[in-house]
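Participant: coords please:
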Amino acid sequence: MSTTTAIPRLLEKYRSEIIAKMQKEFNYSNAMQVPKLDKVVINMGVKEGASDIKIIEHLAVELGKIAGQKPLITRAKKSIAAFKLRENSPIGLKVTLRRARMYEFVDRLFNVAMPRIRDFRGYSDKSFDDNGNYTLGIQEQIIFPEIEFDKVKKVQGMDVTFVTTANNREEGKVLLELLGLPFKKG
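Facilitator: Take a look at the predicted model:
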């Protein structure tokens, strides 16, 4: 019995259009030199998690629905009295997506969730690091259609980091633009 899985739409677009465009723009001699998405990391910092484990559990279920994968609970490495934080207290959630699940998430983020952000004019292109990786912040998890608005106990933001194999900022920006990430004009 063989199971065939459908190739994600964004991965198909990458293979059929984006590789050729980037090869032409950056004069790559080989298609394997073209930068690609390596992984997507989603982080949620939950300061109330140290005092109320129910909030962390509820947000873990929501983040699991958004990412399609169970999140890892991150814990404090050391105690900080000023923040009323004890060592090993749960303080956040994190998910690392790769391969097909990553492309499915990125496609939903760019084409379904981002258009639902109020007064959205695009993201700044200043959040790239020197290796072409990009991090953006999302202020509320309710922009995703998987989240039922009535069952939300706490509106929570998250950081999404796109880790690419690009060599510099310019290559990373062109790759994400071609994948569909809207950047601010001007």
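Participant: which ones are touching residue 15?
Facilitator: Going by CB atoms under 8 Å, 6 or more residues apart in numbering, residue 15 touches no other residue. C-beta here means a position set from N, CA and C on the backbone, and glycine is covered the same way.
Participant: number the residues from 54 up from this point.
Facilitator: Sure thing, new numbering starts at 54, so read that last one as residue 68.
Participant: now do the SS call for it.
Facilitator: helix (DSSP: H, G, I helix; E, B strand; the rest coil).
Participant: so where's this protein uncertain?
Facilitator: Scanning the chain for pLDDT under 70 picks out 54-57, 102-103, 134-138, 239.
Participant: what ranges do the strands span in it?
Facilitator: 90-98, 125-128, 143-150, 187-191, 211-217 (DSSP state E).
Participant: those strands: which one's closest to residue 75?
Facilitator: Closest of these to residue 75 is strand 211-217, at 11.4 Å (criterion: CB to CB).
Participant: may I see the strands of the chain organised as CSV, with mean neighbour count added?
Facilitator: Formatted as CSV, the strands of the chain follow (neighbours: other CB atoms under 10 Å):
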stretch, mean neighbour count
strand 90-98, 18
strand 125-128, 15
strand 143-150, 20
strand 187-191, 17
strand 211-217, 20
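Participant: would TSV of these with distance to residue 201 be doable?
Facilitator: Below are those laid out as TSV (distance: least, CB to CB, whole Å):
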stretch	distance to residue 201
strand 90-98	18
strand 125-128	22
strand 143-150	18
strand 187-191	18
strand 211-217	17
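Participant: show me where this structure has helices.
Facilitator: 62-66, 72-79, 106-120, 152-161, 222-232 (DSSP state H).
Participant: what's the closest of the strands of the chain to residue 65?
Facilitator: When the strands of the chain are ranked by proximity to residue 65 (CB to CB), strand 90-98 comes first, at 13.7 Å.
Participant: ok, now which ones touch the residue lying closest to residue 207 once chain neighbours are set aside?
Facilitator: Take residue 207 and drop its neighbours on the chain: the residue closest to it by CB to CB, 6 or more residues apart in numbering is residue 108, 5.9 Å away. Taking CB under 8 Å, 6+ apart, we find residue 108 in contact with 99, 101-102, 206-207.
Participant: just list whatever residues bridge to the residue nearest the centre of the chain.
Facilitator: With distances taken as CA atoms, centre = their mean, residue 213 lies nearest the centre of the chain, 3.4 Å away. For residue 213, the beta-bridge partners are residue 95, residue 189 (DSSP bridges).
Participant: next up, the contacts around it.
Facilitator: Residue 213 neighbours (CB under 8 Å, 6+ apart): 93-95, 162, 188-191.
Participant: mind redoing it with 10 Å?
Facilitator: 93-96, 120, 148, 150, 158-159, 162, 187-191 (CB atoms under 10 Å, 6 or more residues apart in numbering).
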